[in-house]
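1. attaching a predicted model along with its sequence, questions to come.
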Amino acid sequence: MPALDVATDITEALGHQWFVLASPGPYFNGTERRAMAEIIREDPTHVGTPDGLALEAAVRIAHRPATITAEWLDEMEQLGLPRGPYVEIVGIVSRLVAVDTFVRAVGAKQLDLPDPLDGPATGEIEMRAKQRRAFVPIMEPAAATTALSLLPSESAARRDLHAALYLDDDDMADAEIVRDLTRAQMELIAAHTSFLNECFY
Amino acid sequence: MLRASVDKTDQTVDLLAITTPNVDSLIPHGRELLAFSDAIVAGFGDLETARASAVAAVGERGAVRAAAVVANFEMMNRILDATGIPVPNRIRAIAPALGLTDLDLH
């Protein structure tokens, strides 16, 4: 069976995510960001021991996210990976997994990773974010939409991909929206996927 | 949101289908959509077969959207687990209907 025909808005959204991946982020430059993506893809058995704390965190987020605890993050911080860079890694890895999952699911060939773009890390950090109920500093209230709010560029990239694949944040309250599937069908898939990933949010 | 969308459109749903195999969700084409999700996320069954069944059930655009929703929640599940956003009380309230206990929600 050939790959499914994907609408232009999704294709363009995936292209944008590749641009974001290759671009300098708040803490990591484009080369470093791309390297994390490469490690995630090259360790499908999840048993490798990547060099460096950042890569160790990336592999855990990709393959064992339900095992992440505040205590583990505290240990990582003591070893040299603060919460800020960690949040950027969460953003990079989560979106990479989404793109790769979608491409595989529709039967298409895995996308080649983009070439990194030049430039230093941006340093764009939301200084008002605070760590209270979540594992990382956020702009309250603690919610799916604020999980990456420490880093505005990562939060924006999440929002963009979420809107292309599922729903815009502003449409989330619309229980009757139809987008190729009914809202009920989309929610059934969402809930079951989350159950399979042991994520009960 | 599943319950809200079902209530708004005068449908019924068996939430147990989210967590328990072979339970009919009562959502149109729910069986094919769940099988497609299983194949993508967990490797249960053949992905190509599940994709074809999803296309037969909801059309090509519907199947693409199903793939997209799975992908989105692969992203969101990781973000929520990795950042430790607390499970909302509304989820705890429906845990029994999903066949889950409070321990499952840790």
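-> Happy to help now that I have it.

2. now do the contacts for residue A:143.
-> residue B:85 (C-beta atoms under 8 Å, 6 or more residues apart in numbering or on different chains). To be clear about C-beta, it is placed using only N, CA and C from the backbone, and glycine gets the same treatment.

3. can you map out the strands along chain A?
-> A:178-179, A:181-182 (DSSP state E).

4. ok, for the residue in chain A positioned nearest to chain B, nearest residue in space, not its chain neighbours?
-> Across chain A, the shortest distance to chain B (C-beta to the nearest C-beta) belongs to residue A:135, at 3.1 Å. Using C-beta to C-beta, 6 or more residues apart in numbering or on different chains and skipping the chain neighbours, the partner closest in space to residue A:135 is residue B:84 (3.1 Å).

5. quick one: the one you found from residue A:199, how far?
-> Distance, residue B:84 to residue A:199, by C-beta to C-beta, to the nearest Å: 12 Å.

6. just the strands of chain A: most buried one?
-> strand A:181-182 (a mean of 24; mean count of other C-beta atoms under 10 Å in any protein chain shown).

7. show me what that strand is packed up against.
-> The contact analysis (3 or more C-beta pairs under 8 Å, 6 or more residues apart in numbering or on different chains; DSSP states H and E) places strand A:181-182 against helix B:47-83.

8. right, is the helix it packs on up against chain A?
-> Yes. On the criterion C-beta under 8 Å from any C-beta of the partner chain, helix B:47-83 is in touch with chain A at B:47-48, B:51-52, B:55, B:58-83.

9. what is the mean pLDDT for stretch A:39-48?
-> Throughout stretch A:39-48, pLDDT has a mean value of 66.

10. can I assume residue B:55 is in contact with residue A:3?
-> No. Using C-beta atoms under 8 Å as the test, residue B:55 is too far from residue A:3 to be in contact (11.5 Å).

11. out of these two, which sits in the more crowded spot?
-> Taking neighbours as other C-beta atoms under 10 Å in any protein chain shown, residue B:55 and residue A:3 compare with residue B:55 leading, 19 against 14.

12. what number of residues are in the vicinity of the nearest residue to that one once chain neighbours are set aside?
-> Using C-beta to C-beta, 6+ apart and skipping the chain neighbours, the partner closest in space to residue B:55 is residue B:63 (4.5 Å). Neighbourhood size, residue B:63 [other C-beta under 10 Å]: 28.

13. do you know how far the spatially most distant residue from the centre of chain B is from residue A:133?
-> Here chain B reaches farthest from its C-alpha mean at residue B:83, the gap being 21.8 Å by C-alpha atoms, centre = their mean. As judged by C-beta to C-beta, residue B:83 and residue A:133 stand 11 Å apart.
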